[in-house]
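# what follows is a predicted structure for the sequence shown.
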Amino acid sequence: MTSTAVAGSAHDAAPAFGADRHRRRRRRSRSRLLVASLLYVAVVLVVTLGPQPLDSGRSAGLATAIELLSAATHLDVGYSDVEFLANVAMFVPFGVLVALWLARRHCLIALASGFVMSAGVEIAQIFIPGRVADTRDLVANTIGTMLGIALLAASLPAAARTSASSASTRAGAPAPVS
């Protein structure tokens with residue numbers, strides 16, 4: 001065997017090794033995404049389908065927080081406003097997670113999945129004593145899903161620029177100027 005043949009075979013093996021490493025990294029990322037998704041859905045189901053609302057007592061602490069928020073913002077903030085915003089916030093991670101699972105061109109499917117999950121929760125609440133189905137929750141959850149999708153979409157171009165810049169810098173090329 002000549003030295004050229006040995007060098008050629010070593011060169012040919014390098015991309016395969018890199019591809020295997022990339023596949024393993026991607027598999028690990030998918031596994032983490034799956035665990036995060038399952039944990040998130042479990043928490044949402046416990047919070048939304050538990051035997052009674054978490055705020056059934058409307059604690060004094062919550063009332064105090066609402067009063068402080070109203071005073072600080074000079075807005076008339078009520079319990080229903082806080083509940084609406086909490087529902088929006090609860091589904092922002094759903095939008096991010098679903099958007100991570102789907103390709104960017106499927107953002108409408110991601111949004112529809114947030115609507116469907118929320119509708120499923122609201123329908124299930126009809127049959128759970130102490131729970132009340134509310135179309136405001138459906139709207140808030142869908143808005144939260146949309147915000148999560150938008151948040152991820154807005155962060156991806158910045159992340160792509162950062163990774164491209166660091167990759168070119170490691171390769172010895174000057175970093176692109178933004």
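It's in. Numbers count the residues shown, from 1 in each chain.
# which non-adjacent residue is nearest Asp76?
Spatial nearest neighbour of Asp76, excluding adjacent residues (CB to CB, 6 or more residues apart in numbering): Ser70 at 6.3 Å. Heads up, the C-betas are built off the backbone N, CA and C, glycines and all.
# same question for Thr135.
Glu122 (7.6 Å).
# quick check: what element follows the lowest-mean-pLDDT helix or strand in the chain along the chain?
Here the helix or strand of the chain ranked lowest by mean pLDDT, DSSP states H and E is helix 3-49, holding a mean of 77. Beyond helix 3-49 on the C-terminal side, the first helix or strand identified by DSSP states H and E is helix 60-73.
# looking at that following helix now, give me its mean pLDDT.
Helix 60-73 carries an average pLDDT of 81.
# report all helices and strands that that helix contacts.
Contact partners of helix 60-73 among helices and strands, from 3 or more CB pairs under 8 Å, 6 or more residues apart in numbering; DSSP states H and E: helix 79-101.
# and the contacts of the helix it packs on?
33, 36-37, 40, 44, 47, 55, 58, 62, 65-66, 69, 107, 110-111, 113-114, 117-118, 136-137, 140-153 (CB atoms under 8 Å, 6 or more residues apart in numbering).
# report the buried members of those.
37, 40, 44, 66, 107, 110-111, 113-114, 117-118, 137, 140-150, 152 (16 or more other CB atoms under 10 Å).
# so of the residues you listed, which ones are in helices?
Using DSSP state H, the members of the buried ones among the contacts of helix 79-101 that fall in helices are 37, 40, 44, 66, 107, 110-111, 113-114, 117-118, 137, 140-150, 152.
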